[in-house]
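> With the input below, show me the fold.
(2 chains)
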Amino acid sequence: GIQVEQSPPDLILQEGANSTLRCNFSDSVNNLQWFHQNPWGQLINLFYIPSGTKQNGRLSATTVATERYSLLYISSSQTTDSGVYFCAVNSGGSNYKLTFGKGTLLTVNP
Amino acid sequence: EADIYQTPRYLVIGTGKKITLECSQTMGHDKMYWYQQDPGMELHLIHYSYGVNSTEKGDLSSESTVSRIRTEHFPLTLESARPSHTSQYLCASSESAGRPSGANVLTFGAGSRLTVL
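Now for the predicted structure:
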């Protein structure tokens, strides 16, 4: 099946800093999503981005499908950004069976 | 505000008990999923459904079973719980109608944390 690798596994920032999270995948995809899991366990969809660039406030994402990677940018980080960020891609021929990476644990300190 | 609801949020039970984790969504989504999340954070798909009366096993083998009798309801059942079933179970739904091909954007419930003693 498709492999999804996220880096770094852990990241600690001071409030106000910027960061870049990376997601590499081993095969072509037509569905790529970024999620944030807050400290209470709730997963929130941040972006649906199989290709191109999107921005939502302080967050933006870019996927270069031909090179099989996606980047999530967080600018001016806040303590509420803490949590785990997951990248998920489709596997095989099904566009709705998503395979998740292991996530990046982000801690933003005040 | 979440439109997908999971109950119970927390459950502690003894070995051998039968349990059902409930998942309901009010969005009319055709596809629903169960993911299991281990302590190392990784999510694994254990069941999915692409419509009423259709269920499939996911990538991670699970002793649980699911049913999809109504569009909005996708319960997960363990006939005889064991300590190895201790985990967080996350339900999700998605819909592709009206979207570009492949755009199944997942909405997750808050999760059910199961502890089997």
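> Okay, now the unreliable bits of the chain?
Just going to use chain A. A:91-96 (pLDDT under 70).
> To clarify, I was referring to chain B.
Looking at chain B by pLDDT under 70, you get B:1-2, B:96-103.
> who in it is up against chain A?
Proximity of chain B to chain A, by C-beta under 8 Å from any C-beta of the partner chain, involves residues B:2, B:31, B:35, B:40-45, B:48, B:50, B:58-59, B:88, B:90, B:92, B:94, B:96, B:101-108, B:110-111, B:113. Backbone N, C-alpha and C define where each C-beta goes, glycine included.
> Buried residues, stretch B:20-31. List them.
B:21, B:23, B:24, B:25, B:29, B:30, B:31 (16 or more other C-beta atoms under 10 Å in any protein chain shown).
> Nearest to residue A:51, out of these: which one, please.
Nearest to residue A:51, judged by C-beta to C-beta, of the buried residues of stretch B:20-31 is residue B:31 at 22.0 Å.
> surely the closest one meets residue B:105?
No. Between residue B:31 and residue B:105 there is no contact under C-beta atoms under 8 Å: 10.6 Å.
> Quick one: name the residues of chain A near chain B.
So chain A meets chain B at A:1, A:30-31, A:33, A:35, A:37, A:40-45, A:48, A:50, A:84, A:86, A:88, A:90-91, A:95-103, A:105 (C-beta under 8 Å from any C-beta).
> Which ones among these map onto strands?
Counted as lying in strands by DSSP state E, out of these, are A:33, A:35, A:37, A:43-45, A:48, A:84, A:86, A:88, A:90-91, A:95-100, A:105.
> residue contacts, the spatially most central residue of chain B?
When C-alpha atoms, centre = their mean is applied to chain B, the residue found nearest the centroid is residue B:34 (2.7 Å). Residues in contact with residue B:34 (C-beta atoms under 8 Å, 6 or more residues apart in numbering or on different chains) are B:23, B:45-48, B:58, B:64, B:66, B:74, B:76, B:89-92.
> Which pair in these has the greatest spatial separation?
B:64 and B:92 (15.5 Å).
> Looking at these two, which one has more neighbours?
residue B:92 (28 against 20; other C-beta atoms under 10 Å in any protein chain shown).
> can you tell me the helix or strand for the more buried one?
strand B:87-94 (DSSP states H and E).
> Show me what that strand packs onto, helices and strands only.
Contacts defined by 3 or more C-beta pairs under 8 Å, 6 or more residues apart in numbering or on different chains; DSSP states H and E place strand B:87-94 against strand B:4-7, strand B:19-25, strand B:31-37, strand B:107-108, strand B:112-116.
> what about dumping the CA coordinates of the second one to PDB?
Think strand B:19-25. Provided in PDB are the C-alpha atoms of strand B:19-25 (Å, rounded to 0.1, in the frame of the first residue of the first chain):
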ATOM      1  CA  ILE B  19     -19.800  -3.300  23.700                       C
ATOM      2  CA  THR B  20     -21.300  -1.100  21.000                       C
ATOM      3  CA  LEU B  21     -19.800   2.200  20.100                       C
ATOM      4  CA  GLU B  22     -22.400   4.500  18.500                       C
ATOM      5  CA  CYS B  23     -21.700   6.900  15.600                       C
ATOM      6  CA  SER B  24     -24.300   9.200  14.000                       C
ATOM      7  CA  GLN B  25     -24.000  12.000  11.500                       C
END
